[in-house]
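1. Structure here, sequence nowhere to be found:
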């Protein structure tokens, strides 16, 4: 077996050269880790801002329909929002916490729509009771 890579070089210039190579590899790895973490934070901030923008646009476009309680007026803006690639579900609640409209995008790409969900309103009322007791 060849042991040339296990033995440190004996000349001073070879030792400096090896030290510089190891230092550059370590610095490159460190810079990559730092840059990846910076990019991850920037992506998360951008994604959160995009989500908040979509929520504000939906809230503005269905304000009157929620006030009146007209589900038919809510379907068009919700369907338009669900055509975005990064939106998988839209749920609209009123002030009392009742679900007015819930639409979910199936994995196949088709839309599934449910109106006022009794299970959802029961779960919200149970959550409210638990929060009041606590």
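-> Ah, there it is. Source: prediction; values computed, not measured.
2. Quick check: nearest residue in space to the spatially most central residue of the chain, chain neighbours excluded?
-> The chain has residue 47 as the residue nearest its centroid, 6.5 Å off, counting by CA atoms, centre = their mean. In space, and not counting its chain neighbours, residue 47 is closest to residue 86: 7.9 Å by CB to CB, 6 or more residues apart in numbering. C-beta coordinates here come from the backbone N, C-alpha and C atoms, glycine included.
3. State which strand of the protein is the longest.
-> In the chain, assigned by DSSP state E, the strand with the most residues is strand 99-105.
4. same for it, what does it pack against?
-> If you count contacts as 3 or more CB pairs under 8 Å, 6 or more residues apart in numbering; DSSP states H and E, strand 99-105 packs onto helix 71-82, strand 89-93, strand 111-114, helix 118-133.
5. tell me the angle of the longest helix belonging to the chain relative to strand 89-93?
-> For the chain, the helix reaching the highest residue count under DSSP state H is reported as helix 12-61. Helix 12-61 runs at 40 degrees relative to strand 89-93, counting by axes from the mean of the first three to the mean of the last three CA atoms, to 10 degrees.
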